[in-house]
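*Asks:* Would you be able to build a 3D model of this:
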Amino acid sequence: GYANEVGEAFRALVPVSFVWGSYAVATAYVTADAVDKGKKAAVAHGDNPGKTTRVAAAVVDTFVWQALASVIIPGFTINRVCAASLYLLGRTTKWPLPVRKWTTTAIGLSTIPFIITPIDRSVDFLLDSSLRKVYNEGEKHK
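*Replies:* Numbering: from 1, shown residues only. As a prediction, this is how the structure comes out:
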């Protein structure tokens, strides 16, 4: 689930194809989780009326939540943290470029644990305030 954040943290050191590959891995994870939640919802609802709607809601909710909370927002955040740190290190130090790039990567990697909870809570609030009202899903992402 953290593949693209790691990819973004290493952006200064690796070919951009590695970063895009990390997004492919993260997207595969998001898709697999959505399919898994759909299968679990199908089992939980058996042959009850409205099963298809509940399964679809589970898949959509999981996919949107994961896409925002695991891929889009953290990827953007780490990208900007790393870009800003590389820029600031270039303006405020006389360190050689390789040292600045490795420092930027370390900053990006160390930022990941601090952004998880605020992003998850924000995405919960966003979906509770919007998409989840559409299909009356009171449950938060699990």
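*Asks:* And for L13, nearest residue in space, chain neighbours not counted?
*Replies:* Nearest residue to L13, sequence neighbours excluded (C-beta to C-beta, 6 or more residues apart in numbering): K101, at 5.4 Å. Backbone N, C-alpha and C define where each C-beta goes, glycine included.
*Asks:* Can you get me a residue count around that neighbour?
*Replies:* Around K101 there are 18 other residues, counting by other C-beta atoms under 10 Å.
*Asks:* just checking, it touches F10?
*Replies:* No - with contact defined as C-beta atoms under 8 Å, K101 does not reach F10; the gap is 9.3 Å.
*Asks:* what bits of this structure have low per-residue confidence?
*Replies:* Along the chain, segments meeting pLDDT under 70 span 137-142.
*Asks:* And the helices in it, which stretches?
*Replies:* Secondary structure of the chain by DSSP state H: the helices cover 3-9, 16-45, 51-66, 73-92, 97-129, 131-134.
*Asks:* any idea which of these is most buried?
*Replies:* Neighbour counts (mean count of other C-beta atoms under 10 Å) averaged over each of those peak at helix 3-9, with a mean of 23.
*Asks:* Which elements pack onto it?
*Replies:* Counting contacts by 3 or more C-beta pairs under 8 Å, 6 or more residues apart in numbering; DSSP states H and E, helix 3-9 is packed against helix 16-45, helix 73-92, helix 97-129.
*Asks:* quick one: contacts for the residue nearest to F63 when sequence neighbours are not counted?
*Replies:* Once flanking residues are discounted, F63 sits nearest to A34: 3.9 Å by C-beta to C-beta, 6+ apart. When contacts are counted by C-beta atoms under 8 Å, 6 or more residues apart in numbering, A34 touches V59, V60, T62, F63, Q66.
*Asks:* That's all I had, so thanks and see you.
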